[in-house]
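> Provide a 3D model corresponding to the input given below.
(chains A and B)
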Amino acid sequence: MKMKLSLSQKAGLLSLGLFAVILLVWQLATLPEARVVAADVDPEYAALMGGGAASSASSFPTPAAMAQTLWDKLSDPFYDNGPNDKGIGIQLAYSLARVLGGFFLAAVVAIPLGFAIGNSRVFYQAINPYVQLLKPISPLAWMPLALYTIKDASASAIFVIFICSLWPMLINTAHGVANVRRDWLDVSRTLEVNPLRKAFRVILPAAAPTILTGMRISMGIAWLVIVAAEMLVGGTGIGYFVWNEWNNLSLTNVLFAILMIGVVGMALDSVFGLLGKRVAYQE
Amino acid sequence: MTTPVTHPFLQVEDLARIYPSPTGGDAVAVFDHVNFRIHKGEFICVTGHSGCGKSTILNILAGLDTASAGNVFMDGREVSGPSLDRGVIFQSHALMPWLSVLENVAFAVKSRWPSWSKQKIRDHAMRYIELVGLKGAEHKKPSQLSGGMKQRVGIARAFSIEPKMLLMDEPFGALDALTRGVIQDELLKICAETQQTVFMITHDVDEAILLSDKIMLMSNGPHARIAEIVNNTLPRPRERSAIHKQPHYYPIRNHLVDFLVSRSKQFGALRDAPDAPSSPTVFDPSDLVESEPAVAPVPPVGKPHIHLVNA
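Down below sits the predicted model:
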């Protein structure tokens, strides 16, 4: 029987096949090894560890264990049993709150400033050296300075997000505003459109796709940085969760957290993708 | 033909545009000593080779560019910047792609009359959209329109603010010949209805003959000038299908083509002569045609016509 499959059906099947291969390799890699190894174990160590030393079943989770963890964690995401035992939903919510807080602060600064820079050659050239100098600095390098001046760990994490979200939005806004088609500006000049109306009705819609691309890049970077920032500041958040579970030597939980970071990152990105489509225009 | 002694609506005096030389030598004047006047309700076409500064002159009239020397007065006031009194139709139509047809025109209408209600703005914009035959397409985005339709929106937008003068920079240059013809007819009709004063740049001799009252011919740059002014004596209303049967049609057309092919280049030498004319020469076909018999042949009735077209 010959079946005609659409492109997306083919791609879907291939994706599923790939998933099966990954599971298989994972399963094979985490199979408990033969007991022969037990002979090598120092008897004293074996006595100390009980059965644990003899079984060299790696502490890397099997796919089945991972599935069990996924089910357990996701079926109760919002429990709170004290500082070191919170549901994954709560940890993600902390991280998202910091990311969104820092991101929106950055947007409030970067978009108007980008507008000003994009509109004025003088301003652009005056600000450009600072941007070029500050842009390549790893946002985490600001952490000690933030901790010293702000004196609050959580607010310092927000500041780090603010700093890393700032540059892509600033640069893209300035670029979008500076490259608005001459014709559209000429039209608004001949129509004697006042500056405020020109900014909101001509320049903003014209530059919106570029600005949104900048916001999307910023959000991507912010989500990358929050994990590292929370490992440093500790307390709450998905980054702290990863570090805590590493200290607990629970690779299953670390793996689970990695998966969740990916899922949330993907969701954030697609939100900005959709927003980008809404402001896009075809010339 | 003598110009009326009344104050001209638009007066351009000794306009020049000078660029510093890229090699550091003397500055180069693209055009200089450009003088002309336009009366209310006149349709003026300007033609000349690329680089003679036509578009710069138009932009100076629009207030989008500034002259190196000279003045422009409209309605007794000096032109010093863009104004709603002068509507501009851009060659690239310059529609805002994120706005629908109606929103594009309404944007202009609201700029002209900021205090109008939404409904009044909409009704006014729709009137001009209907005028250019785009009723039914008012909610489309420019990207969904053909080139001709886009330019129609540009025309509707420019007319909707009811400017005292309309400036057009090769508005139909990017359109195919058939579409161009249809829109020219529409423009002719709208201008006849509104008595609009128009300054239009074109490279198309037939377009100039069809639309204009006067055709200004510019010599080649540098130091380009308005070399000649041709009075277009063809009677109105003009029909594209019948215009070439008018006795003045071919003399005017030949005069224009001759200028573009040869005289536009020779003008430079003439200008530098000590007895050079300080103002452009005026060509009026009625001066010359009246002495000749009408050339339009009358086809015999009842027999099939055979048209020989010499390319």
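> how about the strands in the stretch 201-311 of chain B?
B:214-218, B:226-231, B:281-283 (DSSP state E, counting those that start in this stretch).
> of these, which is nearest chain A?
For the strands of the stretch 201-311 of chain B, the distance to chain A is smallest for strand B:214-218, at 22.1 Å, taking CB to the nearest CB. In this view, the C-beta of every residue, glycine as well, is placed from N, C-alpha and C.
> tell me which of the strands of the stretch 201-311 of chain B sits most buried.
strand B:214-218 (a mean of 24; mean count of other CB atoms under 10 Å in any protein chain shown).
> please identify the pairing partners of it and their relative orientation?
strand B:43-47 (parallel), strand B:226-231 (antiparallel) (DSSP bridges).
> related to what we said a few turns ago, could you tell me the least trusted of the strands of the stretch 201-311 of chain B?
Mean pLDDT is lowest for strand B:281-283 out of the strands of the stretch 201-311 of chain B, coming in at a mean of 82.
> on that earlier part again, JSON lines for the strands paired with strand B:214-218, including distance to A:T30?
Listed next are the strands paired with strand B:214-218 as JSON lines, based on distance: least, CB to CB, whole Å:
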{"stretch": "strand B:43-47", "distance to A:T30": "82"}
{"stretch": "strand B:226-231", "distance to A:T30": "88"}
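> looking at the ones you listed, which is nearest to B:L187?
Using CB to CB as the measure, strand B:43-47 is the one of these that comes nearest B:L187, at 9.4 Å.
> okay if I get the strands of the stretch 201-311 of chain B as JSON lines plus distance to A:I127?
Below are the strands of the stretch 201-311 of chain B laid out as JSON lines (distance: least, CB to CB, whole Å):
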{"stretch": "strand B:214-218", "distance to A:I127": "44"}
{"stretch": "strand B:226-231", "distance to A:I127": "46"}
{"stretch": "strand B:281-283", "distance to A:I127": "56"}
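> who wins for proximity to B:S241 among those strands?
Of all those, strand B:214-218 comes closest under CB to CB, at 21.2 Å.
> which residues does that closest one contact?
B:31, B:36, B:42-49, B:52-54, B:208-209, B:224-232, B:252, B:256, B:259-260, B:264, B:280 (CB atoms under 8 Å, 6 or more residues apart in numbering or on different chains).
> again with stretch A:71-82
Contacts of stretch A:71-82 (CB under 8 Å, 6+ apart): A:D85, A:K86, A:G87, A:I88, A:G89, A:I90, A:N253, A:F256.
> kindly recompute the last result at 6 Å.
Defining contact as CB atoms under 6 Å, 6 or more residues apart in numbering or on different chains, one finds that stretch A:71-82 is touched by A:K86, A:G87, A:I88, A:G89, A:I90, A:F256.
> of those, keep whichever come out buried.
Buried members of these, scored by 16 or more other CB atoms under 10 Å in any protein chain shown, are A:K86, A:G87, A:I88, A:I90, A:F256.
> and of the contacts of stretch A:71-82, the nearest to A:G176?
Out of the contacts of stretch A:71-82, the member with the shortest distance to A:G176 (by CB to CB) is A:G89, at 36.3 Å.
> host element of the closest one?
helix A:88-119 (DSSP states H and E).
> so which bits of that helix are buried?
A:88, A:90-96, A:98-99, A:101-103, A:105-107, A:110-111, A:113-115, A:117-119.
> so for that helix, what's the average pLDDT?
Mean predicted confidence for helix A:88-119 is 95.
> next structured bit after that helix?
Sequence-wise, the next helix or strand downstream of helix A:88-119 (DSSP H and E) is helix A:121-134.
> that next one vs helix A:88-119, what angle?
140 degrees (axes from the mean of the first three to the mean of the last three CA atoms, to 10 degrees).
> what about the helices in the chain?
I'll assume chain A. A:7-29, A:43-49, A:51-54, A:63-75, A:88-119, A:121-134, A:143-150, A:153-178, A:182-190, A:195-198, A:204-233, A:238-247, A:251-279 (DSSP state H).
> meant chain B, my bad for not saying
Under DSSP H, chain B gives helices at B:54-62, B:101-112, B:118-131, B:147-160, B:177-194, B:205-211, B:249-258, B:264-272, B:285-289.
> would a markdown table of those helices with distance to chain A be doable?
Output for the helices of chain B, formatted as a markdown table (distance: least, CB to the nearest CB, whole Å):
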| stretch | distance to chain A |
| --- | --- |
| helix B:54-62 | 6 |
| helix B:101-112 | 4 |
| helix B:118-131 | 13 |
| helix B:147-160 | 8 |
| helix B:177-194 | 18 |
| helix B:205-211 | 21 |
| helix B:249-258 | 30 |
| helix B:264-272 | 29 |
| helix B:285-289 | 35 |
